[in-house]
Structure formats: C-alpha cells, structure tokens
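Asks: Sharing a model that was predicted from the sequence below.
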Amino acid sequence: MLCRMEVESRIGSTMAGLRRRADLSQPQLAALAGVPVSTVIGVELGAIEPPATLVARLAAAIASRLRERHE
C-alpha cells in the first residue's frame, strides 16, 4: 500500500511529465489553471497534498494545451 507521500510524489511527477509533454512552463500552467506558480511547483515536488479539485484544474489546463497542439 502506498503512503501519502508516495502518492503525492507520483501525482507530482506525473503532472510534471504531462506539463513538459504539453510544452508548458510552470508559470504558463499556473496561468492557465488560475493558480500561483508556487502551487504548481509544490504539487510537482510532492510538497503539498493537492485536493482533487486542484488536480482536476491542472489536468484540464494540460489537456486543453495538448488538444490545441494536436489540432
């Protein structure tokens, strides 16, 4: 079973990888998701426990960018 820190680390590393795949910087993702850059950094580092609503906002911003790139 995964501990909380392992889950946060996996969420963060997955989010960072998807952000890079979408060719977004941390500030760009923060702006698209309407959150501070420090929040994106904290999530990616696994330093904060992101609520599901935050994960959804970040994921939606990344997905939107990926769709734009593939159109």
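Replies: Good, I have the coordinates.
Asks: Tell me which residues are up against the helix or strand hosting residue 40.
Replies: Using DSSP states H and E, residue 40 maps to helix 37-45. Residues outside helix 37-45 that contact it (Cβ atoms under 8 Å, 6 or more residues apart in numbering): 11-13, 15-16, 19, 26-27, 29-30, 33, 47-48, 50, 54-55, 58. C-beta: built from backbone N, CA, C; applies to glycine.
Asks: That helix: what's the following helix or strand?
Replies: Following helix 37-45 in sequence, per DSSP H and E, is helix 52-70.
Asks: who does that following helix touch, helix- and strand-wise?
Replies: helix 4-21, helix 26-33, helix 37-45 (3 or more Cβ pairs under 8 Å, 6 or more residues apart in numbering; DSSP states H and E).
Asks: again, 6 Å this time
Replies: helix 4-21, helix 26-33 (3 or more Cβ pairs under 6 Å, 6 or more residues apart in numbering; DSSP states H and E).
Asks: ok, how many other residues are close to residue 25?
Replies: Residue 25 has 12 neighbours, counted by other Cβ atoms under 10 Å.
Asks: Grab the most central residue of this protein for me.
Replies: What sits nearest the mean C-alpha location of the chain, by Cα atoms, centre = their mean, is residue 15, with 3.9 Å.
Asks: Please work out how many residues are found near residue 46.
Replies: Residues near residue 46, counting by other Cβ under 10 Å: 20.
Asks: Contacts only, for it.
Replies: 8-9, 12 (Cβ atoms under 6 Å, 6 or more residues apart in numbering).
Asks: hmm, back to that, please list only the buried members of the contacts of helix 37-45.
Replies: 11-12, 15-16, 19, 26, 29-30, 33, 48, 50, 54, 58 (16 or more other Cβ atoms under 10 Å).
Asks: which of the residues you listed lies closest to residue 66?
Replies: Set against residue 66, the nearest of the buried ones among the contacts of helix 37-45 by Cβ to Cβ is residue 19 (10.2 Å).
Asks: Apart from its neighbours in sequence, what residue is nearest that closest one?
Replies: Of all residues not flanking residue 19 in the chain, residue 29 sits nearest, at 5.3 Å (Cβ to Cβ, 6 or more residues apart in numbering).
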